[in-house]
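Undergrad: The following block contains a protein sequence and its predicted model.
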Amino acid sequence: MKWNIYQGSPLALSVTLSSGQAFRWRKDSTNVWWGTIGNLGVALSKPNEGADAPLYWQTFPLENRWEVVSDYLRLDVDVDALYREWIKREPAIAEATRRFRGLRVLRQPPQECLFSFLCATCNTVTKIERTVSKLALRYGEPIASPNEENGEQTPELFAFPTLLALAEADEALLRSDLWGYRAPRVIQAARSLSILPSDYLLALRQRPLAEVRSALTSLHGIGTKLADCIALFSLDKDEAVPVDTHIRQIAVRHFAPLLSEKSLTPRVYAEIENAYRDRFGDYAGWAQQYLFFGELKRAETLAGCPD
DNA sequence: GCTTAACCTGGACGC
DNA sequence: GCGTCCAGGTTAAGC
């Protein structure tokens, strides 16, 4: 495989691909990340440490599709400028921006993002990764591997399944693939979406957050939190703040202690997301991702399994 | 408007 | 080896 090299905006590749936004990226023994964007296979690698180190990249079977890769990684966003603004308004985020400089919120294909987060309710990141990968393996089309040179081994990659394939999926098989009680939700959501215009989800990128939320929560199995995840990670809603247990704990610890005793009702959810938006503005969702990933690492350290 | 229980399952943990 | 708890939530019913 012939690598291309990009050197420009800071990018924390491994942090970005393992921060709980996308669930089908895999790193091989040579530190190459393999994944898919739509029907395109993608290989990404940063042999040298550091957000400013060169990025090696290639796509397949169509080669050299940089516009797809850079769009997915949101390399147009000036993260250093964001950090300066955030720290001025909330010093508590300084450590996370230092540790994870170059972490980016991805612009994923909305369909894969939606079904991945449908799996996330009451689940662990490890299990979500396995479950979503099984879904692609069972119902997705294989992507032709790049030409192998020098004994390179490329993993088998699958495009995310079509709505039609998911709408006709077998519930019992999905249950046995770790979807559990979420299995009927996958089929039902696929059926609901398959009768809408084919660009329905993509068109939501042009709509305001409130409208996006309303559209997504009308699907069975998607509540406010999942709708915010899908809006942030695939529909350009950089201001969306998915409030989960981690994000709530961070808010309570740093800037909303009065919310510690309250149940996460819609009103409390709104109070927490507003607390983030007051501090971090139009890119509150990005700031949330830095704090969320820091919290994940903190939990791993407390559990005795650092990095 | 808020609380509660049910929904799958595997891994971690204590015994 | 076994029981218990928990994990990026949603939904529907009951108050």
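TA: Received the coordinates, thanks.
Undergrad: From here on, just use CA atoms for contacts and neighbour counts.
TA: Noted.
Undergrad: What's the nearest residue in the stretch 1-150 of chain A when you look at DNA strand B?
TA: Closest to DNA strand B within the stretch 1-150 of chain A is A:C122: 5.7 Å, counting by CA to the nearest atom of the strand.
Undergrad: Over to that residue. Which of the three states is it?
TA: What DSSP: H, G, I helix; E, B strand; the rest coil gives for A:C122 is coil.
Undergrad: Can you get me a residue count around it?
TA: Counted with other CA atoms under 10 Å, residues neighbouring A:C122 total 5.
Undergrad: which residues does it contact?
TA: Residues near A:C122 by CA atoms under 8 Å, 6 or more residues apart in numbering: none.
Undergrad: Test for you: state the pLDDT assigned to it.
TA: Looking at A:C122, its pLDDT is 90.
Undergrad: measure A:A256 to A:F280 for me?
TA: Using CA to CA, to the nearest Å, one obtains 14 Å as the distance from A:A256 to A:F280.
Undergrad: Looking at these two, which has the bigger crowd around it?
TA: Comparing A:A256 with A:F280 by other CA under 10 Å, the one with more neighbours is A:F280, at 24 against 16.
Undergrad: any idea how far A:Q289 is from that one?
TA: 12 Å.
Undergrad: My guess is A:R191 contacts A:A169. True?
TA: No - using CA atoms under 8 Å, A:R191 is not in contact with A:A169; the gap is 10.3 Å.
Undergrad: and stretch A:91-103, is it in reach of DNA strand C?
TA: No - shown here: stretch A:91-103 not in contact with DNA strand C (CA under 7 Å from any atom of the strand), separated by at least 13.2 Å.
Undergrad: Pull out the buried positions in that stretch.
TA: Neighbour-count burial for stretch A:91-103, counted by 16 or more other CA atoms under 10 Å, picks out A:A92, A:I93, A:A94, A:A96, A:T97, A:F100, A:R101, A:G102, A:L103.
Undergrad: The last one - that's part of a strand, no?
TA: Yep, that's A:L103 we're talking about. No - remark: A:L103 does not belong to a strand; assigned using three-state DSSP, it is coil.
Undergrad: quick one: contacts for it?
TA: Counting by CA under 8 Å, 6+ apart, A:L103 makes contact with A:L11, A:A12, A:L13, A:V15, A:T16, A:Y290.
Undergrad: Check the secondary structure at the residue nearest to the last one when sequence neighbours are not counted for me.
TA: It stands for A:Y290. Among residues not flanking A:Y290 along the chain, A:A96 sits closest, at 5.8 Å (CA to CA, 6 or more residues apart in numbering). Here A:A96 is helix, with the state taken from three-state DSSP.
Undergrad: Surely A:A96 is in contact with A:G294?
TA: Yes - A:A96 is in contact with A:G294 according to CA under 8 Å; the separation is 6.2 Å.
Undergrad: on that earlier part again, distance of the residue of the stretch 1-150 of chain A closest to DNA strand B relative to A:V252?
TA: 21 Å.
Undergrad: ok, now A:S198?
TA: Distance from A:S198 to A:V252, counting by CA to CA: 41 Å.
Undergrad: Quick check on the two: which one has the bigger neighbour count.
TA: A:V252 (16 against 11).
Undergrad: Return the distance of the helix or strand hosting that one from the chain's centre.
TA: Secondary structure assignment for A:V252, by DSSP states H and E: helix A:245-254. Distance of helix A:245-254 from the chain centroid (CA atoms, centre = their mean, to the nearest Å) equals 20 Å.
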